[in-house]
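Engineer: what follows is a predicted structure for the sequence shown.
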Amino acid sequence: MAVASPRKSFTEKLFHSFASTSNYGGGGHVHRIKAVHECQDDDDDFVECDGSDGMELAQIGAERTKNVLILMSDTGGGHRASAEAIRDAFQIEFGDEYRIFVKDVWKEYTGWPLNNMENQYKFMVKHVQLWKVAFHSTSPRWIHSFYLAAIAAYYAKEVEAGLMEYKPDIIISVHPLMQHIPLWVLKWQGLHKKVVFVTVITDLNSCHPTWFHPGVNRCYCPSQAVAKRALEDGLEDSQIRVYGLPIRPSFARAVLSKDDLREELGMDPELPAVLLMGGGEGMGPVKKTALALGETLFDDVHGKPIGQLIIICGRNRGLVSTLETVEWKIPVKVRGFETQMQKWMGACDCIITKAGPGTIAEALIRGLPIILNDYIPGQEKGNVPYVVDNGAGVFTRSSKETARIVAEWFSTKTDELKRMSENSLKLAQPEAVFDIVKDIHELACQRGPLANIPYIFTSSFTSLI
């Protein structure tokens, strides 16, 4: 509380300075939202006017399709994947009852540095020590509260414009930097008791404190460890639900036969298979690990392979080309970016990957023992003990050690492979995304009719920071 007063003074200075020089930077967004506001009638039943094409959407009465705005950012693939999983689950469970928007409000409405977070993140994780410093140095509450308030002073009007464009009845954040400012805007609008706001945490075990905001209606945690952290950071037990990480429904509920999948994918029907993942960008020691597996999965004594290898190179076309030129002694399939990972995972017996939460959650659903070969400091570090301590896999950065472990699993330690597969299935939470959307639906029903939430373009914000 001691730092609240000077922080307010600082942000007021920033806000008024920015307002005087650029009229809040709202530009076309502000004018577009103003047009919507001018069409609103006195009874809060509204006619939404879009000046760009002259279309109108009239709303009169108590019932209508509810708007759900999912706030995400492409800082890593997991946030968008979770957002799209939630969107798909809403459509499966509730059909046209909800209209879903998946948006990066920062990129679409604000300026630097928020509109460039994706590139900044990619740069920092390539220089991993830089990301480590950024993650841990901003963890103390007084620090991230200060910089979020400063950013809000510059860009609150733009965020408000984004929210007003979609007039959400429900806001779902799947990113740690998308709680504080939108919640401040809702309070500014006087809508914090009318709009349902929930956070879906997409980090399995260790996560940044900005995920936790006491103003949310729900905080959906993927594990008990994260739920404990939420309690320590000031959330009430009634706000917290532990359902697991949201995985896309097409993956979570897929009914797959390994034999049929192997036939469909052109794999050897008999040899055990290992799936080597390089992520969406094909990063990590993929080539080195693949070459080591190519040697250890070939039995020189009997002159035949003891396993087969599937390599997912993501968007790294150079890696695809390089691996395709190798003369392999074992059956190998080299793939680029894949959209049918549920099939490849369903056809394999174990997986090698970095400690990304989405890939781990998917592997658990498929019952795959996991070899973790790397992690991003900060949010992914805790995923390693989550897997290892629960007996679902191992961790090693050595390509030779990785290849040795796989070879043993496929020959002399098949019992260990089977036990880890059983442990993976015990950890799996395939219904998590459906549990989340059903609970959000219940929250919306508890609020009663959501037809007339009065979004109004306002003029003062900094007094609330």
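Structural biologist: Thanks, I have it.
Engineer: drop to CA atoms for contacts and neighbour counts, all remaining ones
Structural biologist: Will do.
Engineer: what number of residues lie near C221?
Structural biologist: Residues lying near C221 (other C-alpha atoms under 10 Å) number 27.
Engineer: grab the nearest non-local neighbour of it.
Structural biologist: Leaving aside its chain neighbours, C221 sits nearest to V242 (4.8 Å; criterion: C-alpha to C-alpha, 6 or more residues apart in numbering).
Engineer: state the phi and psi torsions of M277.
Structural biologist: Main-chain torsions, M277, degrees, to the nearest 10: phi -110, psi 140.
Engineer: and the one 10 residues further on, by the same measure?
Structural biologist: Recorded main-chain torsions at K287 are phi -60, psi -50, according to degrees, to the nearest 10.
Engineer: isn't the residue nearest to C221 up against P222?
Structural biologist: Yes: the pair V242 and P222 passes the contact test of C-alpha atoms under 8 Å, sitting 5.7 Å apart.
Engineer: neighbour count: the two, which is higher?
Structural biologist: A direct count of neighbours by other C-alpha under 10 Å for V242 and P222 places P222 higher, at 24 against 17.
Engineer: now the more buried one: how far from A363?
Structural biologist: In this view, P222 and A363 are 15 Å apart by C-alpha to C-alpha, to the nearest Å.
Engineer: avg pLDDT for the biggest helix by length in the chain?
Structural biologist: Identified as the longest helix of the chain according to DSSP state H is helix 141-166. Helix 141-166 comes out with an average pLDDT of 80.
Engineer: could you give the angle of the helix or strand hosting R99 to helix 141-166?
Structural biologist: R99 is part of strand 98-103, with elements assigned from DSSP states H and E. Here strand 98-103 runs at an angle of 130 degrees relative to helix 141-166 (axes from the mean of the first three to the mean of the last three C-alpha atoms, to 10 degrees).
Engineer: and the residue most central in space within the chain, helix, strand or coil?
Structural biologist: Most central in the chain under C-alpha atoms, centre = their mean is H79, positioned 2.0 Å from the mean C-alpha point. Here H79 takes the helix state, with states given by DSSP: H, G, I helix; E, B strand; the rest coil.
Engineer: and stretch 237-252, how far out from the chain middle?
Structural biologist: Centroid separation for stretch 237-252 versus its chain: 12 Å, with C-alpha atoms, centre = their mean, to the nearest Å.
Engineer: what's the span of it, first residue to last?
Structural biologist: In stretch 237-252, first residue to last residue: 27 Å (C-alpha to C-alpha).
Engineer: buried residues in it?
Structural biologist: Residues of stretch 237-252 classed as buried: 239-249, 251-252 (neighbour count, 16 or more other C-alpha atoms under 10 Å).
Engineer: pretty sure D169 sits against T65.
Structural biologist: No: contact criterion C-alpha under 8 Å: D169 and T65 do not qualify, at 9.7 Å.
Engineer: quick one on the thing from earlier: the buried residues of stretch 237-252: which two are farthest apart?
Structural biologist: Across the buried residues of stretch 237-252, the longest distance by C-alpha to C-alpha is 27.9 Å; it joins Q239 and F251.
Engineer: sorry, back to before: other SSEs contacting the longest helix of the chain?
Structural biologist: Judged by 3 or more C-alpha pairs under 8 Å, 6 or more residues apart in numbering; DSSP states H and E, helix 141-166 is in contact with helix 4-22, helix 27-38, helix 105-109, helix 180-189.
Engineer: run a quick neighbour tally on F337.
Structural biologist: F337 is flanked by 18 other residues according to other C-alpha under 10 Å.
Engineer: ok, it - contacts?
Structural biologist: Applying C-alpha atoms under 8 Å, 6 or more residues apart in numbering to F337 gives the contacts G280, I312, C313, G314, R315.
Engineer: flag the shaky bits of the stretch 1-150 of the chain, pLDDT-wise.
Structural biologist: Applying pLDDT under 70 to the stretch 1-150 of the chain flags residues 1-63, 77.
Engineer: same check, this time on the stretch 201-350 of the chain
Structural biologist: Counting by pLDDT under 70, the stretch 201-350 of the chain contains low-confidence residues at 279-284.
Engineer: and which of the contacts of F337 is nearest F123?
Structural biologist: Comparing the contacts of F337 against F123 with C-alpha to C-alpha places G280 closest, at 15.4 Å.
Engineer: rewinding a little: downstream neighbour of the longest helix of the chain in the secondary structure list?
Structural biologist: strand 170-173.
Engineer: would you mind writing the CA trace of that following strand as PDB?
Structural biologist: The C-alpha trace of strand 170-173 is given here as PDB (Å, rounded to 0.1, in the frame of the first residue of the first chain):
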ATOM      1  CA  ILE A 170     -17.500 -12.900 -20.900                       C
ATOM      2  CA  ILE A 171     -13.700 -12.200 -21.000                       C
ATOM      3  CA  ILE A 172     -11.300 -15.000 -20.900                       C
ATOM      4  CA  SER A 173      -7.600 -14.300 -20.500                       C
END
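Engineer: can you pull out the strands in the stretch 201-350 of the chain?
Structural biologist: Ranges of strands in the stretch 201-350 of the chain, per DSSP state E, counting those that start in this stretch, are 218-221, 240-242, 273-277, 298-299, 304-305, 308-312, 332-335, 350-353.
Engineer: just say which of those strands is most tucked in.
Structural biologist: strand 218-221 (a mean of 27; mean count of other C-alpha atoms under 10 Å).
Engineer: mind checking how far N205 is from P377?
Structural biologist: The spacing between N205 and P377, counted by C-alpha to C-alpha, is 12 Å.
Engineer: neighbour-wise, which of the two wins?
Structural biologist: N205 (24 against 18).
Engineer: the more buried one reaches V387, doesn't it?
Structural biologist: No: counting by C-alpha under 8 Å, V387 is not a contact partner of N205; they are 10.0 Å apart.
Engineer: thinking again about what came up before, looking at D169 and T65, which is more packed in?
Structural biologist: Neighbour count, other C-alpha under 10 Å: between D169 and T65, D169 has more, with 23 against 13.
Engineer: relative to H441, how far out is that one?
Structural biologist: Distance, D169 to H441, using C-alpha to C-alpha: 11 Å.
Engineer: a helix runs through V68, doesn't it?
Structural biologist: No: read with three-state DSSP, V68 is strand and lies in no helix.
Engineer: give me the beta-bridge partners of it?
Structural biologist: For V68, the beta-bridge assignment (DSSP bridges) gives partners I100, I170.
Engineer: contact partners for it?
Structural biologist: V68 makes contacts with Y98, R99, I100, F101, P168, D169, I170, I171, I172, as judged by C-alpha under 8 Å, 6+ apart.
Engineer: leaving out sequence neighbours, find the closest residue to the fourth one.
Structural biologist: Counting by C-alpha to C-alpha, 6+ apart, F101 lies nearest to L69, which is 4.9 Å off, once chain neighbours are set aside.
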